[in-house]
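Q: what follows is a predicted structure for the sequence shown.
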Amino acid sequence: MGCNMALPLLLSMAVLASQRHTLTAAAPAAAAGAFGSWVTDNQKDFAINQALYAKKAVGNTGDTIDERLAKAEANKTTYIVDPKGGGDYTNITAAIADIPEGNTGRVILDLKPGVYREKVFLNLSKPYVTFKADPLNPAIIAWNDTAATPGKDGKPVGTVGSTTCAIESDYFVAYGVVFKNDAPLAKPGAKGGQAVALRVFGTKAAFYNCTIDGGQDTLYDHKGLHYFKDCIIRGSVDFIFGFGRSFYEGCDIISIVKEVAVLTAQQRTKTIEGAIESGFSFKNCSIRGEGGGQIFLGRAWGDSSRVVYAYTEMSKEVVPVGWDGWNIKQPESSGIYYGEFKCSGPGSDARKRIGWALDLTESQAKPFIGTHYVFGDSWIRPPPTGSSPPSSKKPSSSAAASPADSPAESPSSSFEASSPESSEAPASSKASSPAKSSESYSKDKKKKEL
Ligand SMILES: *[C@@H]1O[C@H](CO)[C@@H](O)[C@H](O)[C@H]1NC(C)=O
Ligand SMILES: *[C@@H]1O[C@H](CO)[C@@H](O)[C@H](O)[C@H]1NC(C)=O
Ligand SMILES: *[C@@H]1O[C@H](CO)[C@@H](O)[C@H](O)[C@H]1NC(C)=O
Ligand SMILES: *[C@@H]1O[C@H](CO)[C@@H](O)[C@H](O)[C@H]1NC(C)=O
Ligand SMILES: *[C@@H]1O[C@H](CO)[C@@H](O)[C@H](O)[C@H]1NC(C)=O
Ligand SMILES: *[C@@H]1O[C@H](CO)[C@@H](O)[C@H](O)[C@H]1NC(C)=O
């Protein structure tokens, strides 16, 4: 069909393996130990997840409530950010700088409408942050770096560095925000064209009525439990990628290219710790193209890449085979899990799908199609609609809640650094160029370590 996207090399895997000292041939004993603990960790995770799921199944969700979060929600602070000058800050970076390290209460940045032309980085030391805007009159956070943009040291910033808005802390919420990377759209096959609009690395993050807008590699659903509700996601190649465990509900997913778009490059793999729990689940979404190009539902960035679409409307641009194994040599047996359940529209014909994709039964689909997939009972809250509480920075409001007066709490274990071990971003194009991100993750890792 003229667009076989399989890449010849297991580049990302090779680099990954070489970076993991535990897997080098020189240290077989360490490898066995690391593998052993990896297995143990996974068994532990699995046991916890099983237990939660079992409780959910019998309707007992009472003791899964996240107490830390409940405490934070009972202690809210509001900062008003207005690019036109009417608030406490004129930009988000300045407002974030004022959040005390290790805050235990929720901090709501009330974002007034307008364009925020800045790169935003929310450090993991600042959890419970909400970006609250008005979906009908949104706050637009925009920047235009690509992986090839030179950084301060003159070297390309890489995929991670291209991000307009990076969220590394836990319990983040956004409502009515447009996250945008408006770099010129890379040509298919161009190197360094990755241009991330939003990267989510913290866990228990929820996005409501947001737009994530870019081209190649738009949404780095990097790691953690994430919920995207009623969002619009626009992009071209691999535009939702990473090893997040995420539930997308009621989202519009739009390809903007004339050539070939790939909706997901999910990175579930056995070789990154914890990544085996990951996967993207889409429910009640719609998939369509604005540029007229074909759309693949996903290609496997990881050996066990996992993506499920349920009750999703698929336009005619979705290719009949649906999925691509990319650089996985035996996709039918490597652990890839690509499934569909009760989708509709001209692009949804399951009979023409590639042989190793699944037409799920109800019981197979069930674990994926609800917020239970991300253990949402314990942390997903309704979107922060309604009018904003007054600024907590004004002298008239409760002085106790003023962050300037509060001593910083020592950070709790909920946001301990846990750097990803991935070193690569998905490839940059439909073409056969390996087009990996030139940066090494270790560089970014340094930035992340506490
Ligand atoms: C954000 O606001 C602060 C304080 O007003 C200012 O110093 C800084 O230059 C602004 N940053 C950007 C990116 O506009
Ligand atoms: C409320 O949150 C602030 C900011 O995180 C924190 O300094 C303060 O100790 C919290 N108050 C209570 C009662 O937890
Ligand atoms: C990025 O945006 C800035 C400011 O808006 C502009 O000066 C610059 O030319 C843009 N860069 C590219 C590559 O479009
Ligand atoms: C959020 O999105 C949903 C679904 O598109 C829509 O029904 C709702 O009106 C939106 N909320 C606002 C405030 O626009
Ligand atoms: C899908 O979303 C629409 C509109 O938000 C809603 O009316 C409908 O019930 C949803 N369907 C399912 C299967 O969740
Ligand atoms: C994140 O916060 C920690 C703790 O304050 C700090 O050491 C680190 O430099 C911060 N990282 C960045 C990239 O700002």
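A: Perfect, I can see it now. Numbering: from 1, shown residues only. Ligands and ions are numbered 1, 2, ... in the order given.
Q: burial check on the closest residue to ligand 2 within the chain, number of neighbours?
A: In the chain, no residue comes nearer to ligand 2 than residue 105, which is 2.6 Å away by Cβ to the nearest ligand atom. For the C-beta atoms, the positions are set from N, CA and C on the backbone; glycine is no exception. Neighbour count of residue 105, defined by other Cβ atoms under 10 Å: 21.
Q: and it, how far from ligand 1?
A: When distance is defined by Cβ to the nearest ligand atom, to the nearest Å, residue 105 is 23 Å away from ligand 1.
Q: residues contacting that residue?
A: Shown in contact with residue 105 (Cβ atoms under 8 Å, 6 or more residues apart in numbering): 71-72, 74-77, 128, 401.
Q: phi, psi of the residue nearest to residue 303 when sequence neighbours are not counted?
A: Counting by Cβ to Cβ, 6 or more residues apart in numbering, the nearest residue to residue 303 once its immediate chain neighbours are dropped is residue 334, at 4.6 Å. Backbone geometry at residue 334, expressed as degrees, to the nearest 10, gives phi -80, psi -10.
Q: could you number the chain from 690 rather than 1 from now on?
A: Yes, from this point I'll number from 690; that puts the last item at residue 1023.
Q: I figured residue 1023 hits residue 1016, correct?
A: No: taking Cβ atoms under 8 Å as the contact criterion, residue 1023 and residue 1016 are not neighbours in contact, 10.5 Å apart.
Q: quick check: neighbours shared by these two?
A: Shared contacts of residue 1023 and residue 1016, defined by Cβ under 8 Å, 6+ apart, comprise residue 989.
Q: out of these two, which sits in the more crowded spot?
A: It is residue 1016, of residue 1023 and residue 1016, that has more neighbours when counted by other Cβ under 10 Å, with 21 against 17.
Q: that one and residue 1025, how far apart?
A: The span separating residue 1016 from residue 1025 equals 12 Å under the rule Cβ to Cβ, to the nearest Å.
Q: I'd like the distance between residue 960 and ligand 6.
A: Taking Cβ to the nearest ligand atom as the measure, residue 960 falls 26 Å from ligand 6.
Q: same question, residue 908
A: Between residue 908 and ligand 6 the computed distance is 21 Å (Cβ to the nearest ligand atom).
Q: looks like that residue contacts residue 933 (just checking).
A: No: with contact defined as Cβ under 8 Å, residue 908 does not reach residue 933; the gap is 9.3 Å.
Q: what residues do the two have in common as contacts?
A: Common neighbours of residue 908 and residue 933 are listed as residue 889 (criterion: Cβ under 8 Å, 6+ apart).
Q: higher neighbour count, the two?
A: residue 908 (32 against 28).
Q: from residue 756, how far out is that one?
A: Between residue 908 and residue 756 the distance, using Cβ to Cβ, works out to 30 Å.
Q: ok, residue 901 next?
A: The span separating residue 901 from residue 756 equals 31 Å under the rule Cβ to Cβ.
Q: circling back: looking at the residue nearest to residue 992 now. What's its pLDDT?
A: According to the model's per-residue confidence, residue 1023 sits at a pLDDT of 85.
Q: ok, it - contacts?
A: Taking Cβ under 8 Å, 6+ apart as the contact definition, residue 1023 lies against 989, 992-993, 1017.
Q: which pair of the residues you listed spans the longest distance?
A: In the contacts of residue 1023, the most distant members under the criterion Cβ to Cβ are 993 and 1017, with 9.1 Å between them.
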